[in-house]
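A.B. asks: the sequence and its predicted three-dimensional model are supplied below.
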2 protein chains.
Amino acid sequence: MRIGELAAASGLTTKTIRFYEQTGLMPGPPRTPSGYRDYPEQAKARLDFIRDAQGAGLSLAEIRSVLALRDGGQAPCAHVTALIDQHLADIECRLAELTVTREALRGLARRAAATDPAACTEDEICTILAPADDPKVDR
Amino acid sequence: MRIGELAAASGLTTKTIRFYEQTGLMPGPPRTPSGYRDYPEQAKARLDFIRDAQGAGLSLAEIRSVLALRDGGQAPCAHVTALIDQHLADIECRLAELTVTREALRGLARRAAATDPAACTEDEICTILAPADDPKVDR
DNA sequence: CTTGACCTTCCAGTGCGCTGGAAGGTCTAG
DNA sequence: CTAGACCTTCCAGCGCACTGGAAGGTCAAG
């Protein structure tokens, strides 16, 4: 299987597959006499795995670490479980942050609706975003 | 006011302030005879504004556009209002995405808890992340 | 024989918001 | 006079996951 075929089968580009090889996610495949990459069947499964893992929010570095364990003959289950838990915690955290930012923005939108453009002086730049008497975004 | 003093007053680094000047967020200040930057009082207000706007989730490019209006003598209210609305929509969208990812990760965590490491064969790489019979992350 | 699709390597750039370092100038205190 | 704290410019790099392009090799069909 040549790289273009594998790309089509996996939905990636040849560029991306070469990039994965270069960064240690994919092993270098055997070559044809003329130097073309010649992939075995498992290559597609590996790319599928990478896609799934990315879909779960893992970074390429994390995926690399999982694959390294597997390639070393170990079951990466424990490691994967830890990664999943960590990402869950991460996401909870970002959800909380985003929610706070959303509330802040809603406050700004309310203020914007109540703002008279003429009241905005040059010194303050913009009373919606940074009112003189209320430096921090309020609740 | 020299750049170090302004940096201390605003909580930024001198590097960052020079970077803001370079990228058009801050006007180039007058210089002392020896070439040192000599900032007027308003510089701090402008940096504070940038910080507040960033806190509201605006990118430096967006902040630049607001400042450009203001510097051009226009009240940026309408523009700011549009940016706020757009960011609110953005955040709603990302919150929704993150929530979906969280549910997917919770599913994975459940599966991980139920997985026997011995069941994970080499071909599949990892049955938690990419089970052979269930290629896409389920609900 | 030529065309065109495919493949190879290597180098460089994207966006974002800085950050680091080198090499040198200036100012103040002791 | 010297130390050291500050300032100047310019160039380069971070992390992330690619993406683009140049310059050239290979292969099958017409």
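C.D. replies: All right, it came through fine. Residues are numbered from 1 along each chain as shown, chains lettered A, B, ... in the order given.

A.B. asks: the residue of chain A at minimum distance from DNA strand C: helix or strand, and which one exactly?
C.D. replies: Closest contact between chain A and DNA strand C, by Cβ to the nearest atom of the strand, is at A:G4 (2.5 Å). C-beta: built from backbone N, CA, C; applies to glycine. Assigned by DSSP states H and E, A:G4 falls within helix A:3-10.

A.B. asks: is that helix up against DNA strand D anywhere?
C.D. replies: No - among the residues of helix A:3-10, none lie within reach of DNA strand D under Cβ under 7 Å from any atom of the strand; the closest is 10.2 Å away.

A.B. asks: check which helices and strands that helix is in contact with.
C.D. replies: Secondary-structure packing of helix A:3-10 (3 or more Cβ pairs under 8 Å, 6 or more residues apart in numbering or on different chains; DSSP states H and E): helix A:14-22, helix A:42-55.

A.B. asks: just give the nearest non-adjacent residue to the residue of chain A closest to DNA strand C, would you?
C.D. replies: A:T14 (5.9 Å; Cβ to Cβ, 6 or more residues apart in numbering or on different chains).

A.B. asks: contacting residues around the one you found?
C.D. replies: A:3-4, A:7 (Cβ atoms under 8 Å, 6 or more residues apart in numbering or on different chains).

A.B. asks: and it, how close does it get to DNA strand D?
C.D. replies: Applying Cβ to the nearest atom of the strand, to the nearest Å, the value for A:T14 to DNA strand D is 10 Å.

A.B. asks: mind listing what's buried in the biggest helix by length in chain A?
C.D. replies: Criterion DSSP state H: the longest helix present in chain A is helix A:77-113. Of all the residues in helix A:77-113, those buried under the rule 16 or more other Cβ atoms under 10 Å in any protein chain shown are A:77, A:79-81, A:83-84, A:87-88, A:91, A:95, A:98, A:101-102, A:104-105, A:108-109, A:111-112.

A.B. asks: I'd say A:P27 and A:I17 touch.
C.D. replies: No - using Cβ atoms under 8 Å as the test, A:P27 is too far from A:I17 to be in contact (11.8 Å).

A.B. asks: of these two, which one has the most company?
C.D. replies: Shown here are A:P27 and A:I17; by other Cβ atoms under 10 Å in any protein chain shown, A:I17 has more neighbours (22 against 15).

A.B. asks: spit out the contact partners of A:S10.
C.D. replies: Counting by Cβ under 8 Å, 6+ apart, A:S10 has contacts A:17, A:44, A:47-48, A:51.

A.B. asks: which among those end up buried?
C.D. replies: A:17, A:47-48, A:51.

A.B. asks: buried set for stretch A:21-40?
C.D. replies: A:25-26, A:29, A:37, A:39.

A.B. asks: kindly reformat those as CSV and extend each row with distance to chain B.
C.D. replies: Listed next are the buried residues of stretch A:21-40 as CSV, based on distance: Cβ to the nearest Cβ, whole Å:
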residue, distance to chain B
A:L25, 12
A:M26, 12
A:P29, 17
A:R37, 20
A:Y39, 15
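
A.B. asks: including distance to A:L67 and secondary structure, could these go into a markdown table?
C.D. replies: Shown next, in a markdown table, are these (distance: Cβ to Cβ, whole Å; DSSP: H, G, I helix; E, B strand; the rest coil):
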| residue | distance to A:L67 | secondary structure |
| --- | --- | --- |
| A:L25 | 6 | coil |
| A:M26 | 9 | coil |
| A:P29 | 15 | coil |
| A:R37 | 18 | strand |
| A:Y39 | 16 | coil |
